[in-house]
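Asks: how does the following fold in three dimensions:
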Amino acid sequence: MKVQVSRTKSSETFYVAKTYRDPDTKRSTSRIVRRLGTRAELEATLPKGTDVMQWAKAQAREMTEAEREMTGKVTVSYDPTRPIEPGARTAFNVGYLFLKAAYHELRLPEACARAASGRRFDFDLDEILSRLVWCRVIEPGSKRATCEFASELAEPHSFSRHQVYRALSALAEASGDIQAACYRASEALRHRRTGVLYYDCTNYYFEITEEDGFRMYGPSKEHRPSPIVGMGLMMDADGLPLAFDLYPGNQSEQPTLTPLEERIRDDMGISRFVVCTDAGLASAANRRYNSQGELQFVTTVSLRSQKAAIKAWARDTRGWSALGRDGELDLDEVRARADDPDCPAEERRRLYATTFYKTMFCGLDDGEGGEFEQTLIATYSLKYRDFQRGIREQQVERARRACEDGTARRHRKGPKDPMRFVASTSVTGEGEVAETTVLSVDEAKVAEEASWDGLYGLATSLDERDSAGVVRVAAGRWEVEECFRIMKTEFEARPVYLSRRDRIEAHFLTCFLALLLYRIVERRLGGRFTCPEIVAKLREMRMERVPGEGWRPLYVRDDLTDALHEAFGFRTDYEIVPDRAMKRIFRQTASGASITTREGAGGNTK
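Replies: Numbers count the residues shown, from 1 in each chain. From the prediction side, this is the model:
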């Protein structure tokens, strides 16, 4: 194979081409095998001072050697009368190799080396961390189960279970440094959009009954009667986790924001950003802190809890704007058009995809006798209106049935309890005292809630003239919630079978790193596949080791496996992969080079 360069007036693009003889014309010709990228793309990603042409030629030589290794047929014989050796394992998972490539791209082995510096460990900290992280994606489970499953990865390990628990303590101490190192390594390879950061909190339960100062009883997100630990997660505008912190389960999440922001500023050098949070973190103290210097905030707020004048303004149907459209709109006209049976399907689809908004400038009491300025934005969505309406109609129907069958109660347990719509009548129509109390659905309460359908509030310290930009920023907040969903479901981060605080912190560090590696893989695939699809495929990708010959795939090749191999620059989907070729893949994924070169090759950069 050889390097070909396509030149235009403004750029040079490098390709690897393969020369072959055309069977029809019998002439020698060539075809493009891989696009390496433009000179500008490669210079931006390769180490400084690298000669682009020499690097491209090295890529061509590696591809030629890999092709030579894959030539030739293999014949394998098996003896039907010979039992396999006891304890012999022939099938191994290779899906972790894509996570391994991302792991080395983030320079985590170097971070582990720094964490182990000056310590006399009888184990390899990097070997343990890498398996804990990969297995959190491939086969999540307890630390004991992870030690057992690590033997099913294609590359062997040499640690024991007690060494894993010892390693957790060291990882907990180095947690902040490892998070910062991941950011610096990823930023060096690919610009991370840290101008907008998203922050949210959740909690994780422990199957214990007694508190210990860290695992404490508190308001569980899952409504479980168990001690919990809270976790705050910061994410950048690309959906990549940036940093996290833990706090006792009985502590409010509001004071956790500013300490993590300070750590991001000190450890990662990120000092200018807009932080976007939900209403639970929208305290006056947090908003005031993020209104100073180069910090800004965007947060959701409850419009129903505002003063009467603001509530009237928010529900006024006049004076609304729409993203991507000029002029003012009346929401009554918008709703009437969307609900009109004669409205064309394309127009209705466009209306449902549009976010409408209006802006008001107001002040907020800072809790210390002063006031700071903020902009309040009311948004409206037809899709959100139908979502709220559908849920409320189900709840009203439940409340009505409860009133009819006598199971209704006058006291509700929460703002989503259907019993909030139940009203009691204890007098007759003539004003006399009734012998019994009659429970019925309060239609006035239903109408009051319906008047808020589709409305959503935002508060920001940003310029009120950029309201459309604020709405777009807030629209990205769902990704940090998805991060928590992935950790709790696909990665099974809870329940946690650890008791010491340092080991609990190390456990969540491995969950954080697993999420970061997964997000890198997801971005490399261009967002074409869902999280369950990607994780299921990584778990499914197993190969049989044929002694003395190579590795035979046991998984189904499809569009997703093709995309993974294309994104990471190696292939395991041949009928058999010779041992030499497989060792080369092991080396390549450990070099951190596969993603580096592909990222500069016109991949999914932003």
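
Asks: what about residue 544, distance to residue 234?
Replies: Plainly put, residue 544 is 42 Å away from residue 234 if you go by Cβ to Cβ, to the nearest Å. Bear in mind the C-beta positions are built from the backbone N, C-alpha and C, glycine included.

Asks: look at those two and report which has more neighbours.
Replies: When residue 544 and residue 234 are compared on other Cβ atoms under 10 Å, the one with more neighbours turns out to be residue 234, at 24 against 13.

Asks: that one belongs to a helix?
Replies: No. Assignment of residue 234 by DSSP: H, G, I helix; E, B strand; the rest coil gives strand, placing it outside any helix.

Asks: residue contacts, it?
Replies: Taking Cβ atoms under 8 Å, 6 or more residues apart in numbering as the contact definition, residue 234 lies against 197-199, 241-244, 260-261, 264.

Asks: what about the residue lying closest to residue 144 once chain neighbours are set aside, distance to residue 145?
Replies: Nearest non-adjacent residue to residue 144, counting by Cβ to Cβ, 6 or more residues apart in numbering: residue 161, 6.0 Å away. Distance, residue 161 to residue 145, by Cβ to Cβ: 10 Å.

Asks: remind me which residues of the chain are low pLDDT?
Replies: Of all residues in the chain, those with pLDDT under 70 make up the ranges 20-26, 68-72, 75, 364-371, 410, 412-413, 426-436, 464-465, 593-606.

Asks: what helix or strand is residue 170 located in?
Replies: Assigned by DSSP states H and E, residue 170 belongs to helix 161-173.

Asks: how far does the next helix or strand after that helix sit from its chain's centre?
Replies: Once the chain leaves helix 161-173, the next helix or strand it forms, by DSSP H and E, is helix 175-189. With Cα atoms, centre = their mean, to the nearest Å as the basis, helix 175-189 stands 17 Å off its chain's centre.

Asks: got the angle between helix 175-189 and helix 161-173?
Replies: 70 degrees (axes from the mean of the first three to the mean of the last three Cα atoms, to 10 degrees).

Asks: for helix 175-189, packing partners?
Replies: helix 96-105, helix 108-116, strand 241-248, helix 257-268, helix 501-524, helix 593-599 (3 or more Cβ pairs under 8 Å, 6 or more residues apart in numbering; DSSP states H and E).

Asks: just send those back as JSON lines, with mean neighbour count too.
Replies: JSON lines is the format used below for those (neighbours: other Cβ atoms under 10 Å):
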{"stretch": "helix 96-105", "mean neighbour count": "26"}
{"stretch": "helix 108-116", "mean neighbour count": "18"}
{"stretch": "strand 241-248", "mean neighbour count": "22"}
{"stretch": "helix 257-268", "mean neighbour count": "17"}
{"stretch": "helix 501-524", "mean neighbour count": "23"}
{"stretch": "helix 593-599", "mean neighbour count": "21"}
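
Asks: out of those, which comes closest to residue 578?
Replies: Taking Cβ to Cβ as the criterion, helix 96-105 is the member of these that comes nearest to residue 578, at 16.2 Å.

Asks: CA atoms only: put the closest one into CSV for me.
Replies: Coordinates of each C-alpha in helix 96-105 appear next as CSV, following Å, rounded to 0.1, in the frame of the first residue of the first chain:
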residue,chain,number,x,y,z
TYR,A,96,-13.6,-4.5,25.8
LEU,A,97,-10.9,-3.7,23.2
PHE,A,98,-12.8,-0.6,22.1
LEU,A,99,-13.0,0.6,25.7
LYS,A,100,-9.3,-0.3,26.1
ALA,A,101,-8.4,2.0,23.2
ALA,A,102,-10.4,4.9,24.8
TYR,A,103,-8.8,4.1,28.2
HIS,A,104,-5.3,4.5,26.8
GLU,A,105,-6.3,7.6,24.9
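
Asks: now for that helix, which elements pack on it?
Replies: Under the contact criterion of 3+ Cβ pairs under 8 Å, 6+ apart, helix 96-105 touches helix 125-138, helix 175-189, helix 501-524, helix 531-540, helix 559-568, helix 579-591, helix 593-599.

Asks: which one of those helices lies closest to residue 37?
Replies: With Cβ to Cβ as the criterion, residue 37 lies closest to helix 593-599 of those, at 8.1 Å.

Asks: I'd say the residue nearest to residue 144 and residue 150 touch.
Replies: No. Under the contact definition of Cβ atoms under 8 Å, residue 161 does not touch residue 150, with a separation of 10.3 Å.

Asks: when those two are compared, which one has more neighbours?
Replies: Between residue 161 and residue 150, counted using other Cβ under 10 Å, the more crowded position is residue 150 (24 against 11).

Asks: can you confirm the more buried one is in a helix?
Replies: Yes. Counting by three-state DSSP, residue 150 is found in a helix.

Asks: quick one: which of the helices and strands packed on helix 96-105 is nearest residue 106?
Replies: Nearest of the helices and strands packed on helix 96-105 (Cβ to Cβ): helix 175-189, 4.7 Å.

Asks: tell me the helix or strand right after the closest one.
Replies: Once helix 175-189 ends, the next helix or strand along the chain (criterion: DSSP H and E) is strand 196-205.

Asks: for that next one, name the packing helices and strands.
Replies: strand 228-235, helix 257-268, strand 273-277, helix 478-488.

Asks: ok, residue 519 - contacts?
Replies: Neighbouring residues of residue 519 by Cβ under 8 Å, 6+ apart: 239-241, 483.

Asks: switch to 6 Å and redo it
Replies: Residue 519 makes contacts with residue 240, as judged by Cβ atoms under 6 Å, 6 or more residues apart in numbering.

Asks: and it, how close does it get to residue 182?
Replies: Note on residue 519: its distance to residue 182, by Cβ to Cβ, is 11 Å.

Asks: looking at this, residue 83 is in a strand?
Replies: No. If the criterion is three-state DSSP, then residue 83 is coil and not within a strand.

Asks: hmm, back to that, closest one to residue 288 among the helices and strands packed on helix 96-105?
Replies: Within the helices and strands packed on helix 96-105, the stretch nearest residue 288 is helix 175-189; the backing value is 25.9 Å (Cβ to Cβ).

Asks: report the buried residues of that closest one.
Replies: 175, 178-183, 185-186, 189 (16 or more other Cβ atoms under 10 Å).

Asks: between it and helix 125-138, how many degrees?
Replies: 80 degrees.

Asks: tell me the angle helix 175-189 makes with helix 96-105.
Replies: 90 degrees.

Asks: what residues does helix 175-189 touch?
Replies: Taking contacts as Cβ under 6 Å, 6+ apart, the residues outside helix 175-189 that touch it are 106-107, 111, 243, 267-268, 505, 509, 596.

Asks: can you redo these as a markdown table with distance to residue 451?
Replies: Written out in a markdown table, the entries for the contacts of helix 175-189 read as follows (distance: Cβ to Cβ, whole Å):
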| residue | distance to residue 451 |
| --- | --- |
| 106 | 50 |
| 107 | 55 |
| 111 | 54 |
| 243 | 40 |
| 267 | 47 |
| 268 | 45 |
| 505 | 46 |
| 509 | 46 |
| 596 | 55 |
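
Asks: of those, closest to residue 350?
Replies: When those are compared against residue 350 (criterion: Cβ to Cβ), the nearest one is residue 243, at 38.8 Å.

Asks: run through the bridge partners of that closest one.
Replies: According to DSSP bridges, residue 234 are recorded as the beta-bridge partners of residue 243.

Asks: so what's it up against?
Replies: Residues in contact with residue 243 (Cβ under 6 Å, 6+ apart) are 179, 234, 264.

Asks: doesn't residue 575 lie inside a helix?
Replies: No. Looking at residue 575 with three-state DSSP, it is coil, so not inside a helix.

Asks: chain neighbours aside, what residue packs nearest to it?
Replies: The spatially closest residue to residue 575, leaving aside those adjacent along the chain, is residue 552, at 7.1 Å (Cβ to Cβ, 6+ apart).

Asks: state the helix or strand in which the one you found lies.
Replies: Taking DSSP H and E as the criterion, residue 552 maps to strand 550-553.
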